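**Q** Quick one, structure for this:
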Amino acid sequence: MSNLLFVGLDVDDTAFHATIIAQDTGETWYFKCRPNSTKLIERLLKIHGNSEDFRICYESTYLGFSLCRKLREQDFNCDVIASSLIPEFAGKKVKTDRCDSQKLAQFYMKDLLTIVHVPNEEDESERDLVRSRTLIKDQIVATKNRIQSILRKTGLNFRQDTGKQMLWTIEYKKWLKRKIKEMKLTALKQNLILLTSSLDNLEDSLKAYNSEIDSLAISEKYSTKVKALTAYRGIQVLTAMKIITEIGDIKRFSHPKKLVSYLGLDIREFSSGGKEKKYGITKMGNTVVRTALVEANQKSSTKPAVNHAIKTRRKNVPIDHLRVADKCMNRLFIKSNNLLRREKNKNKVKVACAREMVGFIWESLHLAS
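**A** Predicted coordinates for the structure are as follows:
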């Protein structure tokens, strides 16, 4: 098709700014419309009546993939662009919505933009469910820290009073309720009552999220993949669901190196003039999976062993999946200890093991697909 129209969209809460460039003639149109898909489609079809001739792109923003899906439903070709990978001109200091849309259209026509994978609505909603659990978990930690801060300021210390070290146990919560009842200051007492009540609600929400994620994990869609990943040492159901929902279709990664890059675990390098300089990982990728994999490698340097918990998770798991998981455990044990003997930082060793583990996960998910 020769008569293609490339559209760069700059989207925000107030308006959509669109620049259209005809591939054959170089003719350019610009317009601004209300920030909704209906008005945008009306304006596009006024310029050209055939929706299939358009090639539309916009940056990944707060809109997510909703606009892309609506445009595709109307037979428009639309892509979402990775914002951090858009080329920049060092000497260009003018930035407006119109300039941004024009730049997107030009780069898109020359195939200089990186396209983001668009998951279907079901996959995205399940991924958001797993992500929201992390939000609740962080709020619980923040609330507990706030309560502890108030107790320290008022001179109340559970460890000194009881000689016990573990906080937030059943005994600790009983001690806290007793201390709140004994308080004379009304504002302090009310503050702690509200905080503990909020904490109870958050913990109930966390249990509900855990239940929903466990139900998803045993569904037909995820059960095979979850079993394949939970066979690994350090990966349980929650971590497995984070990995699976964030990565999506593993078949879009033709090689483990591409998955490593997607997770931001590849090495930064600045080599020039015959000098090789390598730094830490790029961190230009999916933070959720990268963090989960580093946490999964906290004990990678310990002797390979299949304990009772791992044996339980490995029930009814195909032998091919177990072989990959065992190979990973042995490989990480050797790698981590080799690095530790070279006096490498422990945290860097965990990151290196996380990067190594990605290749095995790639293989396991391909076997499970």
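
**Q** Tell me which residues touch the residue nearest the centre of the chain, please.
**A** Here the mean C-alpha position of the chain is nearest to the C-alpha of V288 (C-alpha atoms, centre = their mean), at a distance of 3.7 Å. Applying C-beta atoms under 8 Å, 6 or more residues apart in numbering to V288 gives the contacts 131, 134, 242, 246. No exception for glycine: its C-beta is placed from N, CA and C like everyone else's.

**Q** Top of the residues you listed by number of neighbours, please.
**A** Across the contacts of V288, neighbour numbers were computed from other C-beta atoms under 10 Å; K242 holds the maximum, 26 neighbours.

**Q** For L293, see how far away it is.
**A** 9 Å (C-beta to C-beta, to the nearest Å).

**Q** go on, R98?
**A** Distance from R98 to L293, by C-beta to C-beta: 42 Å.

**Q** and what of K227?
**A** From K227 over to L293 the distance is 18 Å, taken as C-beta to C-beta.

**Q** Repeat that for R152.
**A** On the measure of C-beta to C-beta, R152 and L293 end up 35 Å apart.

**Q** Would you mind telling me which of the two has the busier surroundings?
**A** Between R152 and L293, L293 has the larger neighbour count (other C-beta under 10 Å), namely 25 against 10.

**Q** what sits against that one?
**A** So L293 contacts 243, 263, 265, 354, 357-358, 361 (C-beta under 8 Å, 6+ apart).

**Q** Name the residues of the helix or strand L104 falls within that come out as buried.
**A** Under the criterion of DSSP states H and E, L104 resides in helix 97-109. The neighbour-count check on helix 97-109 (16 or more other C-beta atoms under 10 Å) flags 97, 100-109 as buried.

**Q** Out of the contacts of V288, list just those in helices.
**A** 131, 134, 242, 246 (DSSP state H).

**Q** Need those residues in JSON lines (columns: distance to C33).
**A** Below are these laid out as JSON lines (distance: C-beta to C-beta, whole Å):
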{"residue": "R131", "distance to C33": "32"}
{"residue": "T134", "distance to C33": "36"}
{"residue": "K242", "distance to C33": "38"}
{"residue": "E246", "distance to C33": "34"}
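
**Q** which one of these sits closest to K174?
**A** T134 (29.1 Å; C-beta to C-beta).

**Q** Next, the angle helix 97-109 makes with the host helix or strand of C78.
**A** Per DSSP H and E: C78 is located in strand 77-81. On the basis of axes from the mean of the first three to the mean of the last three C-alpha atoms, to 10 degrees, strand 77-81 is oriented at 110 degrees to helix 97-109.

**Q** where does the residue nearest to T154 when sequence neighbours are not counted land on pLDDT?
**A** Nearest non-adjacent residue to T154, counting by C-beta to C-beta, 6 or more residues apart in numbering: L188, 6.7 Å away. Each residue has a pLDDT score; the one for L188 is 93.

**Q** And for M1?
**A** Reading off the model, M1 has pLDDT 44.

**Q** What is the neighbour count of the closest residue to R355 other than its chain neighbours?
**A** Among residues not flanking R355 along the chain, L265 sits closest, at 4.3 Å (C-beta to C-beta, 6+ apart). Per other C-beta under 10 Å, the neighbour tally for L265 reads 25.

**Q** element containing L265, please.
**A** Applying DSSP H and E, one finds L265 in no helix or strand.

**Q** Quick check: it vs T14, distance?
**A** L265 is 38 Å from T14, by C-beta to C-beta.

**Q** which ones are touching the spatially closest residue to I140 that is not a sequence neighbour?
**A** Spatial nearest neighbour of I140, chain neighbours left out: L202 (4.9 Å); criterion: C-beta to C-beta, 6+ apart. Contacts here follow C-beta under 8 Å, 6+ apart; on that basis L202 touches 136, 139-140, 143.

**Q** residue at max distance from the center of the protein?
**A** K184 (46.2 Å).

**Q** returning to that earlier point: could you confirm the residue nearest to the centre of the chain falls within a helix?
**A** Yes - under DSSP: H, G, I helix; E, B strand; the rest coil, V288 sits within a helix.

**Q** Now that we're looking at it, what pLDDT does it have?
**A** So V288 comes in at 95 (pLDDT).

**Q** And for the one 3 residues further on?
**A** Residue-level confidence at T291 comes out at 96, pLDDT.

**Q** so where does it fall, helix or strand?
**A** helix 287-296.

**Q** list the buried ones in the helix or strand just after that helix?
**A** Using DSSP H and E, the helix or strand that follows helix 287-296 in sequence is helix 308-313. The neighbour-count check on helix 308-313 (16+ other C-beta under 10 Å) flags 310, 313 as buried.

**Q** gap between the nearest residue to L167 once chain neighbours are set aside and D111?
**A** Excluding its sequence neighbours, the residue lying closest to L167 (C-beta to C-beta, 6+ apart) is F158, at 6.4 Å. For F158, the distance to D111 equals 62 Å [C-beta to C-beta].

**Q** what about the two, which has more around it?
**A** A count of neighbours by other C-beta under 10 Å puts F158 above the other of F158 and D111, at 20 against 7.

**Q** Do I have it right that the more buried one meets W175?
**A** Yes - at 5.7 Å, F158 and W175 qualify as touching, with contact defined as C-beta atoms under 8 Å.
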